[in-house]
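Novice: Model the structure of this input:
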Amino acid sequence: MKKGFDFSENEIIKGINQDQEVQLKLHNNEMTWGKFSLFFFMYIAIMVGVTIFASVISIITERVFNIDLLSYIQQIQYSALMELLVFILTLLALKHVREFLKGKYNFQALKKWQTYVYLVVAYVVVYTAQYLIIHKLEWEQGGSQVGLFGLDEISLNTINVLLLIVAFVVIAPITEEVIFRGLILGFLREKIGIIPAILISSLLFGLGHPGHHLSTTIMGLTFGLLYYRTKSIAVPIVFHMIWNAFATYGILSLVASG
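Specialist: Coordinates of the predicted model:
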């Protein structure tokens, strides 16, 4: 009897210890306001560090090899690659952010037919909104990204065109959706609820796109709803890529036509 009692008692103690370990792990992995803010402080700090490093290298190459590397780095296609490097380094430095983002890339959502209905509806909504804002109401100017990104000063050779496509169609959608929908919306949803989270993340997304604040805010709302309905950040990433692919084609055609 005593053996059975001892065994049962040990099992209870073991179970309690395991439960405490699980609770401690959950507490350590919890995304707090401090951890949330740390991502952006770290991102800015790494960006400053990478920029300083790139500037030093540019000065050296110009003095030693007479190559103006800085003029290349300042071009949007190369600065996008630098921003991607900063983004990756920030994620590598912050394990709690990587843990928080786990599970948000539910690729199973891409296998459901409902997802593609959402994508079609989203495209119609965003296209209609941009058409009204730019062409009818004229609250924003179409093609303003040409001057904003300095595309009219870039030689459209094969390498630059490919890099621009990678920058706009691959890098921007992935990094922006991870930050605005995966991190910001995901975190705010836990703290203040889904509706305020979608609204705030969309407003921030719009503010991050000079010249098209209103249309990109509406786009952000659409991305947020896609994420909410499908429970997967992969879906808004796909939509963002598709939209940017059409937009990039239009912008490059505009630049090529002079």
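Novice: Show me where the stretch 151-258 of the chain dips below the pLDDT cut-off.
Specialist: 258 (pLDDT under 70).
Novice: For it, which segments are assigned as strands?
Specialist: Here the stretch 151-258 of the chain has no strands by DSSP state E, counting those that start in this stretch.
Novice: now residue 98: how far from residue 70?
Specialist: 33 Å (C-beta to C-beta, to the nearest Å). Placement of C-beta: from N, CA and C, glycine included.
Novice: So which of these two has more stuff around it?
Specialist: Taking other C-beta atoms under 10 Å, residue 98 and residue 70 do not tie; residue 70 has more neighbours (14 against 11).
Novice: which residues are contacting stretch 221-234?
Specialist: Residues outside stretch 221-234 that contact it (C-beta atoms under 8 Å, 6 or more residues apart in numbering): 101, 104-110, 112, 115, 118-119, 122, 125-126, 177-178, 180-182, 185, 194, 197-199, 201-202, 205, 235-236, 239-240.
Novice: now these: which count as buried?
Specialist: Buried residues within these, counting neighbours by 16 or more other C-beta atoms under 10 Å: 101, 104, 109, 115, 118-119, 122, 126, 177-178, 180-182, 185, 197-199, 201-202, 205, 235-236, 239-240.
Novice: Can you name the residues that contact residue 68?
Specialist: By C-beta under 8 Å, 6+ apart, the neighbours of residue 68 are 58, 62.
Novice: Also residue 187?
Specialist: By C-beta under 8 Å, 6+ apart, the neighbours of residue 187 are 31, 36, 100, 197.
Novice: Let me see the ranges of the helices in the protein.
Specialist: 2-29, 33-65, 69-73, 76-93, 95-101, 113-131, 145-148, 158-165, 172-177, 186-192, 194-207, 213-230, 234-256 (DSSP state H).
Novice: Would you indicate which residues of the third one are buried?
Specialist: The one in question is helix 69-73. So, applying 16+ other C-beta under 10 Å, buried residues of helix 69-73: 69, 73.
Novice: The fourth one too?
Specialist: For helix 76-93, the buried set under the neighbour-count rule, 16+ other C-beta under 10 Å, comprises 76, 77, 78, 79, 80, 83, 84, 86, 87, 89, 90, 91.
Novice: before we move on, back to that, quick one: which of the contacts of residue 187 is nearest residue 171?
Specialist: residue 100 (21.4 Å; C-beta to C-beta).
Novice: Now that closest one: closest residue in space that isn't a chain neighbour?
Specialist: Beyond its immediate neighbours in the sequence, the residue positioned closest to residue 100 (C-beta to C-beta, 6 or more residues apart in numbering) is residue 31, lying 4.8 Å away.
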